[in-house]
Each structure stands twice: as structure tokens, then as C-alpha cells.
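*Asks:* give the three-dimensional model of this entry:
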Amino acid sequence: MSVFAPFLCFEKRSLAVYSPYLGIPSETFIRRYVNELEPEGAAVFSLSDDFPKAGWWSARGPTLVLSRASRSLFSRHRWADFGRPEAAKGRSAVKEFLRRTGAKVVFSQYLDWSLRWLPIFMEMEIPVWVHAHGYDISRSLRDPAMVERYQRELLGKVGVVTMSAYSRERLLELGCPEEGVRVIPYGVAVAEECPEQSVPTEEVRCIAVGRMVGKKAPILLLEAFRRAWEREPRLRLDFLGGGPQWNAALQWVEAMGMEEIVSLHGTCESAQVQESMSRAHLFLQHSRIDPETGDEEGLPVAILEAMALALPVISTRHAGIPEAVVEGDTGFLVEEGDVDGMALAIAELGSNSSMALRMGRAAWQRAREFFSWERERRALRELLGLHEV
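*Replies:* Numbers count the residues shown, from 1 in each chain. Alright, predicted model coming up:
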């Protein structure tokens with residue numbers, strides 16, 4: 001069985017987007033780049049789209065999937081060696097795809113995953129911008145070999161887009177020239193008018209959204225919520241997201257006897273996330289540097305989506321989050337690992353509906369001004385040299 005999907009169509013596109021995987025539910029930002037940067041969708045190539053789970057999405061435009069059968073075949077380690085037969089075959093397929101779709105510019109996702117394709121873009125003389133997102137300029141920097149590859153093969157040779165000033169500083173520290181880095185914050189759908197905000201009565205509904213991984217610290221969030229609930233018993237929590245720490249979270253809920261107070265929903269489709277957020281009163285996220293891997297956030301899209309729906313945010317001073325959440329205005333921020341501080345903030349907002357409503361409206365106004373998809377799309381199209389439509 002061939003590892004390469006056949007070319008079913010060769011519709012012309014000015015923009016080509018590369019993403020290592022297509023369809024990951026949490027990568028709503030990449031879904032927008034693939035399907036909405038161009039009116040009919042960009043040409044897109046990827047290693048795999050094998051995500052038949054809740055929230056899975058697909059590309060609208062011409063698509064080349066290099067392997068539908070085995071993601072491990074295209075692991076970073078194997079693909080680092082371009083001398084392997086499958087690697088050479090992949091290069092040929094990508095070059096043919098770019099040639100036939102007529103791509104004039106490439107928008108490549110993640111610095112480390114993009115390294116393998118840069119020689120092709122340069123050989124074909126196709127301009128490229130690479131998007132740094134989070135782990136690729138945090139966890140990946142723990143590997144001296146990867147740092148050396150960034151400095152030798154990428155920085156100063158192609159343009160880099162990132163989502164926050166915090167991430168930009170990381171890139172400058174690596175040696176990227178200032179003119180080579182553009183900060184374009186993530187954008188989300190933001191209504192022209194502030195969404196209707198409900199006043200809590202019997203229950204104060206909190207919501208958390210995100211994969212249950214180390215940098216999201218789900219157990220710390222749950223413990224902070226439990227301590228807040230002891231102060232304000234009207235609090236309830238819906239946690240939407242699967243991941244490797246989901247079982248640990250479930251065990252925590254059962255051990256603490258919180259089954260009637262905390263609901264774990266697992267991975268959910270985007271529509272369900274939006275519907276659940278629209279019924280909530282507070283948004284919670286306890287991001288931190290993963291103590292085992294060094295992984296960090298970029299600028300969590302779920303926080304921006306919550307702000308767009310007029311939810312005050314209680315989170316941490318981590319990565320790009322303080323660039324979105326204004327302390328005391330659109331929510332509260334605590335230090336990473338400060339469970340007591342987060343608990344106090346949750347209890348305070350949970351028991352003060354007028355403050356929560358005021359902060360929620362300020363959050364929506366900030367999202368509308370700085371973090372709308374229309375704003376991000378316009379900035380990216382200008383950067384990529386695409387004609388405005």
C-alpha cells in the first residue's frame with residue numbers, strides 16, 4: 001500500500017499551508033489557516049490526517065496527505081534523514097503538489113516540523129513564512145541539537161510569525177533578527193455586539209477547556225476549584241478536553257467525591273465547546289511550564305474564545321496569557337502553581353456577579369479590538385502577499 005495519497009485534483013491556489021497533522025481538534029488556529037485564509041481553502045500538505053475522533057476536521061482545498069496509515073513512519077527522527085527512500089519519495093510528492101497547485105507562498109506550521117521542507121521551498125524559490133506556536137520554542141529548546149538546527153537552517157533565512165511578544169523574545173534570544181519576526185496574535189470569532197451575559201442564581205457555572213496535558217495542569221486547576229467551592233458552594237465546573245491526564249483527573253474527581261460538582265466531558269467538537277461556553281459564567285485555566293518536558297503555551301485560543309463570549313478569565317501569568325488577560329480588568333491572574341491564589345480568585349468572582357459581568361464585558365471588548373479572526377486574517381494575508389478579498 002502506498003504511503004502517499006493520490007493527487008485527486010490540482011486546483012490552483014496562491015497559498016500553500018503545511019501542517020504536520022490535519023484534524024487535531026485543539027488546533028482550531030490551523031483549521032482557520034487551512035480553510036479560511038483563502039476563500040476556497042488553501043492548498044495543504046500534511047503527514048497525516050488520521051484523527052477519526054470527536055472534533056476532527058478536514059481541509060477544504062487541494063490536499064496531499066503523505067501517510068494515512070502510520071504516523072510513526074514519518075516521525076521526526078526518521079524524517080531527519082533525507083537519505084531514506086520514503087523521505088526522498090515525500091520530497092518528490094511535495095514538489096509536484098506545489099508545482100501543480102501553483103503555490104506562490106507557503107505558510108508552514110511549527111518551526112521544528114518545518115525544517116525538513118525548507119530546502120524544497122528554497123529550491124523552488126517559493127517564499128515561506130514559518131509559524132512558531134508554543135512547544136517548538138519551549139520544549140524543543142531543551143534539545144541542543146534542535147537549537148543548533150534552528151540557528152543554522154532557519155533563523156535569518158525565512159520569516160517567522162509568532163503569536164505573542166513573549167514568544168518573540170524567545171526567538172530574538174535564539175538569534176533571529178528583529179526584522180525576521182512578526183507578532184500576529186491568534187484571532188477568534190468575535191460578535192459585533194457583546195453576547196448576552198446571564199446573572200448566576202442557583203449555580204455559578206465555571207468552564208475549563210483544553211487537552212489534559214502537563215502544561216495545562218488539570219489537577220492543579222481541579223484542586224483550586226475544589227477549594228473555591230468550599231468557600232462558594234454554588235460553583236459548578238465543566239471540564240472539556242481529553243488527553244493523557246484525563247484518567248488522573250477522573251480519579252481525582254471520584255476520590256474527592258466531587259462527581260455532582262465537577263463534570264469531565266472528554267474531547268468535544270467545537271460547536272459543543274462554544275455552546276458550553278455560552279452557558280458559563282467564568283473561564284478557568286491553570287497553565288504552567290511542564291516540569292517534565294519544559295513545554296509551554298503560546299497564547300491559548302480557548303482563553304480568547306472565552307473572552308469573545310464575554311467570560312471573565314481566571315488563569316496564570318504564563319507565556320502570552322498576560323498579553324490577553326488584563327489583571328483586574330478582564331479577569332484575574334495568579335502565579336503558576338498558586339492553587340490558593342486561584343481558589344481565592346474563583347471564589348471572589350463566583351460570589352460577585354456584578355464584578356464578573358463587568359469583567360466579562362471588558363474581556364469581550366478586548367477580544368474584539370485585539371484578537372478577532374478578521375484582524376488576524378487581514379494581517380496574515382498582507383504578510384503573505386495575498387490580494388485582499
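*Asks:* where exactly do the strands run in the stretch 1-150 of the chain?
*Replies:* All strands of the stretch 1-150 of the chain, identified by DSSP state E, counting those that start in this stretch, fall at 15-18, 43-46, 63-65, 105-109, 128-131.
*Asks:* next, Leu222: secondary structure please.
*Replies:* Following DSSP: H, G, I helix; E, B strand; the rest coil, the label given to Leu222 is helix.
*Asks:* put together a markdown table for the strands of the stretch 1-150 of the chain, with distance to Pro177 on each row.
*Replies:* (Each C-beta comes from the backbone N, C-alpha and C, glycine too.) As requested, these are exported to a markdown table (distance: least, Cβ to Cβ, whole Å):
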| stretch | distance to Pro177 |
| --- | --- |
| strand 15-18 | 23 |
| strand 43-46 | 28 |
| strand 63-65 | 32 |
| strand 105-109 | 19 |
| strand 128-131 | 14 |
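*Asks:* lowest-confidence stretch among those?
*Replies:* Lowest mean pLDDT within the strands of the stretch 1-150 of the chain: strand 63-65, a mean of 91.
*Asks:* can I get the strands of the stretch 1-150 of the chain in TSV including mean neighbour count and distance to Gly175?
*Replies:* What follows is the strands of the stretch 1-150 of the chain, written out as TSV (neighbours: other Cβ atoms under 10 Å; distance: least, Cβ to Cβ, whole Å):
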stretch	mean neighbour count	distance to Gly175
strand 15-18	27	23
strand 43-46	26	29
strand 63-65	22	33
strand 105-109	23	19
strand 128-131	24	15
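*Asks:* which among those is found nearest to Thr162?
*Replies:* Closest to Thr162 of those, according to Cβ to Cβ: strand 128-131, at 7.2 Å.
*Asks:* measure the nearest residue to Lys12 once chain neighbours are set aside to Ala43 for me?
*Replies:* Leaving aside its chain neighbours, Lys12 sits nearest to Gly102 (4.5 Å; criterion: Cβ to Cβ, 6 or more residues apart in numbering). Gly102 sits 8 Å away from Ala43, going by Cβ to Cβ, to the nearest Å.
*Asks:* now do the shared contacts for those two.
*Replies:* Arg13 (Cβ atoms under 8 Å, 6 or more residues apart in numbering).
*Asks:* what's opposite the nearest residue to Tyr18 once chain neighbours are set aside in the beta bridge?
*Replies:* With Cβ to Cβ, 6+ apart as the criterion, Tyr18 has its nearest non-adjacent residue at 4.4 Å, and that residue is Ser108. Per DSSP bridges, the residues bridged to Ser108 are Tyr18, Val130.
*Asks:* great, nothing more from me.
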